[in-house]
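K.L.:
Got a sequence here, can you build the structure:
(chains A and B)
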Amino acid sequence: MTEFTPSPLTNGKGAAAILAVAIGALALGIFTMAGDAVPSAASFFNVWAPTGPLSGVTGLSIIVWLVAWWGLSLLWREREVSLKGVNWAAALMIVTGLLLTFPPVMDLLQGK
Amino acid sequence: MEITLRDAVTVLHGMGFGGLLLLTFSGAGIVVYSVCIAGSSWTPTEREGHFLGLYFSVMAGLAWLAVIAGAYLVYPWYRARPPAGTSDLSAYPQRLLMSDPLTTGWHDIGMEWKEHLAWFAPICLTAVAYIFLRYRGQLRLYRGMREAVIGFIALAFFATAMAGFFGAMLNKNAPVRGGRTIVILRSRS
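P.N.:
Numbers count the residues shown, from 1 in each chain, chains lettered A, B, ... in the order given. The predicted structure follows:
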């Protein structure tokens, strides 16, 4: 009896998951910075008053992440994607997103 | 022996979901070493790959519970505004920390970073769980995807550890307390 070996999957859906995380992380950084620097943005993000702008910043970032994941999955579902390129782009976006959430960096960018 | 409701919820958020999540990273480290580091020889079977996917799903679930409980249960108590003229700020942790130049940094840097940084963990771990559930043993075929998995797990660990550290320090300097008192044990004497 021969063992069943599944045919290799394309890497497109995995690449979509990777890049979507980075897009979500970058969105989180940008929204955090905007909420801190722009009073009207802070009001916009104040979706649930007890939690304040954090509710909108994180909620909207999650929506961006999920929509990006869904869109990229549709786009790349049958494709082989350059994971090296995806990883470099993802690393750049994640580091930027991470830095934008760090208060001393936010203060530096705002000249505080 | 008693605890207030807010204390109990904070313990559940930090030591329950967050602490348990930190413990699970030891298992994740072993998986990463066995499956993702070049030169290792273990290729998970379909069943093992499915189990690993479930393991990372549990980690992602703990991370989501930790951030949601933190943002929507504990944080509103932390940032509550005292009525004008309040001199005892012990029930208003954020204001208590900001009232002293020696403790305001715990809020300005600690809480301000933690409340956003922590969200990187569930997002990264959800992607890792998905990749393991979808690719299972075939993950060995994709070096770039394994590298991304290592990066996401490292980032999730960093986010969880930093959030945990600042959470513990914030709660030492300005505990979130109040609400109904829950008696856990009553002394007989």
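K.L.:
Return the residues of chain B in contact with chain A.
P.N.:
B:46, B:67, B:71-72, B:75-76, B:79, B:108-109, B:112-113, B:115-117, B:119-120, B:123-124, B:127, B:130-131, B:134-135, B:138, B:141-145, B:147-148, B:151-152, B:155 (Cβ under 8 Å from any Cβ of the partner chain). C-beta coordinates here come from the backbone N, C-alpha and C atoms, glycine included.
K.L.:
Assign B:Ser90 to one of the three secondary structure states.
P.N.:
Recorded secondary structure, B:Ser90: coil (DSSP: H, G, I helix; E, B strand; the rest coil).
K.L.:
Neighbours of it, how many?
P.N.:
B:Ser90 sits with 12 neighbouring residues when counted by other Cβ atoms under 10 Å in any protein chain shown.
K.L.:
Likewise for B:Gly178?
P.N.:
A count of nearby residues for B:Gly178, using other Cβ under 10 Å, gives 15.
K.L.:
Quick check, it in contact with B:Ala8.
P.N.:
No - using Cβ atoms under 8 Å, B:Gly178 makes no contact with B:Ala8, being 11.1 Å away.
K.L.:
Surely A:Met33 touches A:Pro103?
P.N.:
No - using Cβ under 8 Å, A:Met33 is not in contact with A:Pro103; the gap is 10.3 Å.
K.L.:
For residue 86, the count of nearby residues, please.
P.N.:
Going with chain A. 24.
K.L.:
look at chain B instead
P.N.:
Neighbourhood size, B:Thr86 [other Cβ under 10 Å]: 12.
K.L.:
Just give the closest residue to the residue of chain B found nearest chain A, not the sequence neighbours.
P.N.:
Nearest residue of chain B to chain A: B:Gly144, at 2.6 Å (Cβ to the nearest Cβ). Sequence neighbours aside, A:Leu83 is the residue nearest to B:Gly144 in space, at 2.6 Å (criterion: Cβ to Cβ, 6 or more residues apart in numbering or on different chains).
K.L.:
quick one: the one you found and B:Arg146 touch, right?
P.N.:
No - A:Leu83 is beyond contact range of B:Arg146, at 9.4 Å (criterion: Cβ under 8 Å).
K.L.:
what are the ranges of the strands in chain B?
P.N.:
B:2-4, B:181-183 (DSSP state E).
K.L.:
Mean neighbour count, those: which tops it?
P.N.:
The highest mean neighbour count among those, using mean count of other Cβ atoms under 10 Å in any protein chain shown, belongs to strand B:2-4: a mean of 14.
K.L.:
Check which helices and strands that strand is in contact with.
P.N.:
Contacts defined by 3 or more Cβ pairs under 8 Å, 6 or more residues apart in numbering or on different chains; DSSP states H and E place strand B:2-4 against strand B:181-183.
K.L.:
what's in contact with the strand it packs on?
P.N.:
Here strand B:181-183 makes contact (Cβ atoms under 8 Å, 6 or more residues apart in numbering or on different chains) with B:1-5, B:8.
K.L.:
tell me the phi and psi of B:Pro175?
P.N.:
Per-residue torsions, B:Pro175: phi -60, psi 140 (degrees, to the nearest 10).
K.L.:
correct me, but it touches B:Thr4?
P.N.:
No - counting by Cβ under 8 Å, B:Pro175 sits too far from B:Thr4 to count as a contact (9.3 Å).
K.L.:
and A:Pro8, what does it touch?
P.N.:
B:138, B:141.
K.L.:
a helix runs through it, doesn't it?
P.N.:
No - counting by three-state DSSP, A:Pro8 falls outside a helix, being coil.
K.L.:
Got phi/psi on it?
P.N.:
Here is the backbone geometry of A:Pro8 (degrees, to the nearest 10): phi -60, psi 140.
K.L.:
now it: how far from B:Gly18?
P.N.:
Remark: distance between A:Pro8 and B:Gly18 (Cβ to Cβ, to the nearest Å) = 38 Å.
K.L.:
again, but for B:His116
P.N.:
For B:His116 relative to B:Gly18 (Cβ to Cβ), the value is 16 Å.
K.L.:
the more surrounded of the two?
P.N.:
Using other Cβ under 10 Å as the criterion, B:His116 and B:Gly18 rank with B:His116 on top: 30 against 26.
K.L.:
Please verify my assumption that the more buried one contacts A:Pro53.
P.N.:
No - in this structure, B:His116 is not within contact of A:Pro53 by Cβ under 8 Å, at 10.4 Å.
K.L.:
Low-confidence stretches in chain B?
P.N.:
B:38-41 (pLDDT under 70).
K.L.:
Which stretches in it count as helices?
P.N.:
B:5-11, B:19-31, B:46-69, B:75-78, B:93-98, B:104-105, B:112-117, B:120-135, B:143-173 (DSSP state H).
K.L.:
could you redo these as CSV and give each row distance to A:Trp76?
P.N.:
Converted to CSV, those look like this (distance: least, Cβ to Cβ, whole Å):
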stretch, distance to A:Trp76
helix B:5-11, 41
helix B:19-31, 25
helix B:46-69, 20
helix B:75-78, 36
helix B:93-98, 44
helix B:104-105, 44
helix B:112-117, 29
helix B:120-135, 13
helix B:143-173, 13
